[in-house]
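[1] Next come a sequence and a model predicted from it.
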Amino acid sequence: MKCKKYMIPLILSSALVMSVTAGCGKPQTPAASSEQQTQKEQQTQKEEQVQTEQQKKSSEAPVEKVKIKMISSTEFEVNEFANLEETFAKFSDIAPNVEIEGEYIPWTELDNKLFLTNAGGDYYDVILVNNSTLPALVEAGILADMKEFTKKDNFDVDQVFTPAMADLCKYKEGIYAFPFQTDTRVLAVNTKMLEEAGMELPKTKEDMLEIAKAVTKDTNGDGTPDQFGYSMNISRTLPCVYIQGNWLIANGLHLYEVEDDGQYVCRLNSEAGIDFFKWATEMAKYMPNDMISYDNAMIDNAFASGKFAMYTYGAWMTAREDFIKTVEETGTEYQLILNPEGLEGTASTSGGWMLGVSPKSQNKEAAWEFIKFIVNPEVNASICSGLPPVQDAYNYPPFNTEEYGILKEQLQTSQTAVKNFIPEFNELVDIYGNNFIASVLGEKSPEQAAKEAEDGVNALLKEKGYQK
């Protein structure tokens, strides 16, 4: 855990009220003497001089410092806010006195830290929020409804953010957090492997399967494959939703659907769901036998080293110096393409990292001004290593360059993992993910895994009142 303190000036709303009297009392007549006029002018000058002195004294008076505690992630300290000093220096040019104390922890520990801190009666003024856990944080009283502040400043989330990200700000009737980074995922293809196998770039998920079959082989003659067609993170359940979920959504499904009558229903045990489970299980045959032990970092490095033909590439990888360095050192050549189509076309999952404010904060105004600064289009473009959720940020470098073309194109078909997040989302992810992993590892048939996943998700939805 790290704590850093930054002295940051912050714009706080203030108004200088000036009263000007004109046309008051009886109208002057030609009988008014020049002496009276001169006296009046002198009095006015004296009042203006007094007012100027008061303003000068006010501006020279020391401003009381406001302290803001912010919790964020060690990953963002390194990546998103690598230019933290520069960003805060810009912020300091436009605002008064605020001391920001940043605490950084691994993002996998973030939610537990927030719940434990809240249970102990403590709080953070500015809170890093994973979009999928926003409802649970709201229900626990950890996030404040900021609608009062957005209304006061005419801050329209539907105008500021992309449509999917604007929806993430909202829960029930409130506005609880503001995205500063989103993402999308495309397919990275090792072009050298495809060329050697005489294969073309895949257009469908079935093409991916054919490529995986063709390129998986033993290249060093020890009798064990060391080059593989594909990789998927099955070390945890969440990547089963956000990475492999690209092709679940491409088949027209989500973890659960929200019906017109408000019912939440899982349809994994459908033709489209079973098709997805079968395809993923077949793809797994062309992955390392110990794939379950691979975390994201290992998968990233293996593709960069030329071990995988295809790999799900997140927008954040454009700023990953370790990935870029490994690619250069190994000479790996790859191309980014839109995700090959499922039954209903190309699609990608999309999420968002957001900033919210504690309802216990005594400095909500200062916290809100800080958040507005971070989602300023130019600032948002400068700090974001994924993709900006702020629409106008794409007018600024580096996101106005060709390098981000394919990612911006895929973003147009990106969807969140579910349409409406609920506090029980992570429990549902575990039910689905454990069945998905069991299918991929051959512990259950795709049909059995799809059925048990659907039954388990629907049972919890019904228990929690999302189904009649």
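    Yes, it's here. Everything numeric here is computed off the predicted structure, so don't read it as measured data.

[2] Pull the number of nearby residues for residue 292.
    15 (other CB atoms under 10 Å). Bear in mind the C-beta positions are built from the backbone N, C-alpha and C, glycine included.

[3] Do I have it right that it meets residue 441?
    Yes. Counting by CB atoms under 8 Å, residue 441 is a contact partner of residue 292 at 6.9 Å.

[4] On the strand side of things, show who the most centrally placed residue in the chain bridges to.
    In the chain, the centroid-proximal residue (CA atoms, centre = their mean) is residue 352; its distance is 2.0 Å. Per DSSP bridges, the residues bridged to residue 352 are residue 182.

[5] Tell me where the chain is predicted with low confidence.
    1-63, 75-89, 91-92, 95-96 (pLDDT under 70).

[6] mind giving me the domain ranges of it?
    Here the domain assignment for the chain is 66-182+351-415, 185-350+421-463, based on automatic domain parsing.

[7] Is residue 67 within a helix or a strand, and which one?
    strand 66-73 (DSSP states H and E).

[8] What strands line up against that strand, and which way round?
    strand 98-105 (parallel), strand 126-130 (parallel).

[9] Off-centre distance for the last one?
    With CA atoms, centre = their mean, to the nearest Å as the basis, strand 126-130 stands 10 Å off its chain's centre.

[10] The longest one now?
    In this view, strand 98-105 has its centroid 20 Å away from the chain centroid, taken as CA atoms, centre = their mean.

[11] same thing with stretch 219-231?
    Counting by CA atoms, centre = their mean, stretch 219-231 comes out at 36 Å from the chain centroid.

[12] Between the two ends of it, how far is it?
    End-to-end distance for stretch 219-231: 18 Å, by CA to CA, to the nearest Å.

[13] now residue 223: how far from residue 287?
    18 Å (CB to CB, to the nearest Å).

[14] Show me which of these two is the more surrounded one.
    residue 287 (22 against 6).

[15] The more buried one and residue 431, how far apart?
    23 Å.

[16] How about residue 162?
    From residue 162 to residue 431 the distance is 30 Å (CB to CB).

[17] same check, this time on residue 461
    10 Å.

[18] More neighbours: the two, which one.
    Shown here are residue 461 and residue 431; by other CB under 10 Å, residue 431 has more neighbours (23 against 19).

[19] The more buried one contacts residue 449, doesn't it?
    No. In this structure residue 431 lies outside contact range of residue 449 using CB under 8 Å: 11.0 Å.

[20] so how many other residues sit close to the closest residue to residue 114 other than its chain neighbours?
    Leaving aside its chain neighbours, residue 114 sits nearest to residue 142 (5.6 Å; criterion: CB to CB, 6 or more residues apart in numbering). By the criterion of other CB under 10 Å, residue 142 has 25 neighbours.

[21] Could you do the one 10 residues further on as well?
    The local packing of residue 152 (other CB under 10 Å) involves 11 other residues.

[22] Next: residue 439.
    24.

[23] just use 4 as the starting number from now, easier for me
    Sure, I'll start counting at 4 from here, so that last one is residue 442.

[24] Report the secondary structure state of the residue nearest to it when sequence neighbours are not counted.
    Beyond its immediate neighbours in the sequence, the residue positioned closest to residue 442 (CB to CB, 6+ apart) is residue 452, lying 3.6 Å away. Assigned with DSSP: H, G, I helix; E, B strand; the rest coil, residue 452 falls in the helix class.

[25] Isn't residue 452 up against residue 280?
    Yes. Counting by CB under 8 Å, residue 452 does reach residue 280; the two are 5.6 Å apart.

[26] Can you work out which residues contact both of the two?
    439, 442 (CB atoms under 8 Å, 6 or more residues apart in numbering).

[27] Can you show me the helices along the stretch 104-253 of the chain?
    113-122, 137-142, 150-155, 160-163, 166-171, 194-200, 208-218, 241-245, 248-253 (DSSP state H, counting those that start in this stretch).

[28] want to throw those into JSON lines with distance to residue 302?
    Shown next, in JSON lines, are those (distance: least, CB to CB, whole Å):
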{"stretch": "helix 113-122", "distance to residue 302": "22"}
{"stretch": "helix 137-142", "distance to residue 302": "27"}
{"stretch": "helix 150-155", "distance to residue 302": "39"}
{"stretch": "helix 160-163", "distance to residue 302": "34"}
{"stretch": "helix 166-171", "distance to residue 302": "25"}
{"stretch": "helix 194-200", "distance to residue 302": "16"}
{"stretch": "helix 208-218", "distance to residue 302": "15"}
{"stretch": "helix 241-245", "distance to residue 302": "9"}
{"stretch": "helix 248-253", "distance to residue 302": "15"}
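
[29] Most tightly packed of those?
    helix 248-253 (a mean of 26; mean count of other CB atoms under 10 Å).

[30] Who are the contact partners of residue 419?
    134, 167, 170, 171, 352, 353, 354.

[31] try residue 262
    residue 268.

[32] and if you look at residue 423?
    261, 267 are the contacts of residue 423 under CB under 8 Å, 6+ apart.

[33] Please apply the same query to residue 378.
    With CB under 8 Å, 6+ apart, residue 378 has these contacts: 163, 164, 181, 182, 183, 392, 393.

[34] can you rerun that using 10 Å?
    158, 160, 163-164, 181-183, 357-358, 391-393, 396 (CB atoms under 10 Å, 6 or more residues apart in numbering).
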